[in-house]
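Visitor: What follows is a predicted protein model with its sequence.
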Amino acid sequence: MSGTGGGTSEAKLPPLVEPAAELTKEEVARYSRHLIIPDVGVDGQKRLKNAKVLVIGAGGLGSPALLYLAAAGVGTLGVIDFDVVDESNLQRQVIHGVSDVGKPKAISAKESVAEINPFVNFVVHNEQLTTDNAVELFSSYDLILDGTDNFATRYLVNDAAVLAGKPYVWGSIFRFEGQVSVFWEDAPNGKGLNYRDLYPEPPPPGMVPSCAEGGVLGVLCASIGSIMVTEAIKLITGIGEPLLGRLVTYDALEMRYREVKIRKDPETPKITELIDYEAFCGVVSDDAQKAASGHTITPEELKAKFDAGEDFELIDVREPHEYEIVNIKGSKLIPKDRILSGEALAELPQDKPIVLHCKSGARSAEALAALHKAGFRDATHLGGGVLAWARQVDPSLPTY
């Protein structure tokens, strides 16, 4: 992979989808602003009508993608998502509304799309994407859009797309920054490549925080999601120069786009089967798993310690801005990185037990491993973190 500026002279790809037989009078009226663009025209709109697109996730990126794919006239639109709408989703997942809280996201998305374009055949896959269903599911669509927020699913999507012979548009967001590209191992121009050519291996566990841990500017989802839909339309209709072999990064704070060339890496192993992606990516490190084994307490057990008046130190390993949102009374804030670097070890008590906690348990498990190595053998951590505490012990606390 190497950086470059300026334009590109990549050959255009042929249209991905054959045109439908006709457009109805109603469809001509609906899509008239497309039809009068010479590059799209009636032929391009017929291709959109005949297209089958699967969106992975009806979340931050899936929301604008589904809305604009539907508005554009993609004939068959599928979504796979097994999550339900949560209040914290509404800041960015614009396909859902207040009345949808608690509803399956895939169902909520279908209802919103029906309001935008009743001509779309919307297929609900209210299930989790797994190694058992991915390849077969992808095989029934022309194009995949990946809006997932974790590395395990990203590698699964990539490998399944390779095995199914399908192109896919990939997007990712974090705080104020986003990335978009197109991957297609079997691209007809002989320049096929896949996600592993860009990221051969996932980052170490805990190195890259998720959006749930680090946050995301809501409107960034629209910026990146709309680029993803633009790429999908270009691939379906055969217009323009798609982002195959190019990665676009977007910095919203600087309002700057940057382009990076991606080339096929001859060292990338050929994908022949799906693997255990949770193990491959490691949600938490082996050290953290070992440390947490036998040293994890439940919210109820922590409450019992408080109620019994036990003398212990509760350490919150989140970041200061998270501590401001919600904290457990009596906890002391020492961010995880200060513990991992060893900088904060002198601030920890040697004469009483230590209990660590974070938002949901992953970061505190990493910090726990560091404490065990430093000699704090009796240290434990709170399984499920402050979210579990708020759910099971103190529902008056806000969650995020």
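Guide: Here it is on my side, so go on.

Visitor: Tell me the helices and strands packed up against whichever strand or helix holds Glu324.
Guide: According to DSSP states H and E, Glu324 maps onto helix 320-325. The criterion is 3 or more CB pairs under 8 Å, 6 or more residues apart in numbering; DSSP states H and E, and there are no helices or strands that helix 320-325 contacts. Every C-beta, even on glycine, is put in place using the N, C-alpha and C of the backbone.

Visitor: ok, which stretches of the stretch 201-350 of the chain are helices?
Guide: Listed in chain order, the helices of the stretch 201-350 of the chain (DSSP state H, counting those that start in this stretch) span 211-214, 220-237, 277-281, 286-292, 299-307, 320-325, 336-340.

Visitor: tell me the most buried of those?
Guide: Mean neighbours per residue, mean count of other CB atoms under 10 Å, is largest over these for helix 220-237, with a mean of 24.

Visitor: on contacts alone, who are the packing partners of that one?
Guide: Under the contact criterion of 3+ CB pairs under 8 Å, 6+ apart, helix 220-237 touches helix 41-50, helix 62-72, strand 143-146, strand 168-174, strand 177-183, strand 246-251.

Visitor: average pLDDT for that helix?
Guide: What helix 220-237 shows for mean pLDDT is 98.

Visitor: Could I get the CA-only coordinates of it as CSV?
Guide: Written as CSV, here are the backbone C-alpha positions of helix 220-237 (Å, rounded to 0.1, in the frame of the first residue of the first chain):
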residue,chain,number,x,y,z
LEU,A,220,-20.0,11.6,9.8
CYS,A,221,-22.2,8.5,9.1
ALA,A,222,-24.0,10.5,6.4
SER,A,223,-20.7,11.7,4.9
ILE,A,224,-19.3,8.2,4.6
GLY,A,225,-22.6,6.4,4.0
SER,A,226,-23.4,8.6,1.0
ILE,A,227,-19.9,7.9,-0.5
MET,A,228,-20.6,4.2,-0.1
VAL,A,229,-23.9,4.5,-2.0
THR,A,230,-22.3,6.6,-4.7
GLU,A,231,-19.8,3.7,-5.2
ALA,A,232,-22.6,1.2,-5.3
ILE,A,233,-24.5,3.2,-8.0
LYS,A,234,-21.3,3.5,-10.0
LEU,A,235,-20.6,-0.2,-9.8
ILE,A,236,-24.2,-1.2,-10.7
THR,A,237,-24.5,1.1,-13.7
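
Visitor: what's the spacing between it and its chain's center?
Guide: 16 Å (CA atoms, centre = their mean, to the nearest Å).

Visitor: and the angle for it with strand 246-251?
Guide: If you take axes from the mean of the first three to the mean of the last three CA atoms, to 10 degrees, helix 220-237 sits at 160 degrees to strand 246-251.

Visitor: the domain parsing of this protein - what is it?
Guide: 2-16+51-281, 286-392 (automatic domain parsing).

Visitor: State the helix or strand in which the residue nearest the centre of the chain lies.
Guide: What sits nearest the mean C-alpha location of the chain, by CA atoms, centre = their mean, is Asp149, with 1.5 Å. Using DSSP H and E, Asp149 is not contained in any helix or strand.

Visitor: ditto for the one 5 residues further on
Guide: Element membership for Arg154 (DSSP H and E) is helix 151-164.

Visitor: same for that helix, what does it pack against?
Guide: helix 134-139, strand 143-146, strand 168-174, helix 195-198, helix 277-281.

Visitor: Would you single out the least confident of these?
Guide: Among the helices and strands packed on helix 151-164, helix 277-281 scores lowest, with a mean of 83.

Visitor: who touches that one?
Guide: Applying CB atoms under 8 Å, 6 or more residues apart in numbering, the contact partners of helix 277-281 are Thr131, Asn150, Phe151, Ala152, Thr153, Tyr155, Leu156, Pro202, Pro205.

Visitor: Let me have the domains of the chain in JSON lines, extended by distance to His34.
Guide: Shown next, in JSON lines, are the domains of the chain (distance: least, CB to CB, whole Å):
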{"stretch": "domain 2-16+51-281", "distance to His34": "7"}
{"stretch": "domain 286-392", "distance to His34": "44"}
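
Visitor: Identify whichever of the ones you listed lies nearest to Pro38.
Guide: domain 2-16+51-281 (9.9 Å; CB to CB).

Visitor: low-confidence ranges in this structure?
Guide: 1-11, 205-208, 282-284 (pLDDT under 70).
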